[in-house]
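> What would the 3D arrangement of this be:
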Amino acid sequence: MSRFVCKLLQSVNQANSGCRSLFLSAIRNESQSATPARTVLVEKDSHITLIGLNREQQRNSIDANTAAQLSEAISQFEADDSSPVGVLYGIGGSFSAGYDLEELEAEAQRGSLHFLLRHEGSIGPTRRHLRKPIVCGISGFCVAGGVELALMCDLRVMEDTAVMGFFNRRLGVPLSDGGTVRLAAAVGYSNALDIIETGRRIDAGEARRIGLVNRVVATGTALGQAVNLAFSIAKFPMASLMHDRNALLENANAYNKPGFHVASYNEIINVTSEMIKDMREGVMRFKNSEVKGPKTDSWHIKEKSIPDWEKAEIEIEKQNKKT
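You can find the predicted model right below:
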């Protein structure tokens, strides 16, 4: 692991209180200005670009400001001739919890579809093909739109205690960032239907087995291992590598460019007012529940009490495994 990544990992470690205090102070000073807070951090480790989602207290959920910053960061990376490969990761223990719940509630209360109609995607540039490879480092929770962000990347490195799944199923929120297109291409039609329809948790072992992720690594090492993987790609002659990558994207059925754009826009044009009603009720139900399930940090998952309906679901899954 490079010296830069070690330093970056230390900066997000709870034990590094001095760096954290300095970081939080900078965030407070920035929030007092008229400029929106920087919720996407961009660094370079040699010629590898690291793009970090930086809304730790919100589990790196994506609001409009963060979505715009993420699109800008990726566009700048794509325009940087000195950087052939990027890494996308979450700061503070989780990759991303998907679309920001407060903004989602406000949109649902207005009966609005505005957040779905952003040109590039509701949580970033998810409705286009990225022009360069990006490796995704997954820690903690990678759920709802966070899964769609991860699927946007070429390769995914997942920590062994991380959790994936379309938890938005429980809130009545439809997929709107290419998930229905990219997921089936990654894991197959049957597995995709299972994941989307049940909204269940996907652990690292299953994610690796079905092809949802490419590597499973120890807890706390996703960023470093993702950077290592990025370096291992960037060492090759890039002209032929990009030719082969782009040919694959062009020729794979789900990633055929005209078909992909039609399919990704079908996700949003078929959203109905009934879905908005369900979404509004789902968000309120989630907010009013006393417990939201276990939380995670960079190094371990802390056990918390979970709702009765989820306990029943887990018990059913245990029974199914025994039979």
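> Only C-alpha atoms from now on, for both contacts and neighbour counts.
Fine.
> what ranges do the helices span in this protein?
For the chain, the helices defined by DSSP state H occupy 3-11, 17-31, 64-79, 101-110, 145-152, 179-187, 189-198, 204-210, 222-234, 238-251, 257-269, 273-288, 308-322.
> Of the ones you listed, which shows the lowest average pLDDT?
Averaging pLDDT over each of those singles out helix 17-31 as the lowest, with a mean of 39.
> Surely Gly86 is in contact with Ile51?
Yes. Gly86 lies in contact with Ile51 (C-alpha atoms under 8 Å); the separation is 7.4 Å.
> quick one: which of these two has more around it?
Gly86 (27 against 23; other C-alpha atoms under 10 Å).
> how close does that one get to Leu130?
11 Å (C-alpha to C-alpha, to the nearest Å).
> Could you do Glu107 as well?
On the measure of C-alpha to C-alpha, Glu107 and Leu130 end up 28 Å apart.
> again, but for Gly165
With C-alpha to C-alpha as the criterion, Gly165 and Leu130 are 23 Å apart.
> These two: who's more crowded?
Of the pair Gly165 and Leu130, Gly165 is the one with more neighbours under other C-alpha under 10 Å, namely 24 against 16.
> Enumerate every residue touching the more buried one.
By C-alpha atoms under 8 Å, 6 or more residues apart in numbering, Gly165 lies in contact with Cys142, Val143, Ala144, Val147, Ile195, Gly199, Arg200, Arg201, Ile202.
> wait, the first one sits on Thr161?
What that stands for is Cys142. No. Between Cys142 and Thr161 there is no contact under C-alpha under 8 Å: 11.2 Å.
> Among the two, which residue is more densely surrounded?
Cys142 (30 against 22).
> do you know how far the more buried one is from Ala150?
From Cys142 to Ala150 the distance is 8 Å (C-alpha to C-alpha).
> ditto for Leu183
From Leu183 to Ala150 the distance is 10 Å (C-alpha to C-alpha).
> between the two, which one's more packed in?
Per other C-alpha under 10 Å, whichever of Leu183 and Ala150 has more neighbours is Ala150, with 28 against 23.
> Disregarding flanking residues, what is the spatial nearest neighbour of the more buried one?
Cys136 (6.0 Å; C-alpha to C-alpha, 6 or more residues apart in numbering).
> Tell me the predicted confidence for the one you found.
97.
> Tell me, how many residues neighbour it?
When neighbours are counted by other C-alpha under 10 Å, Cys136 comes out with 33.
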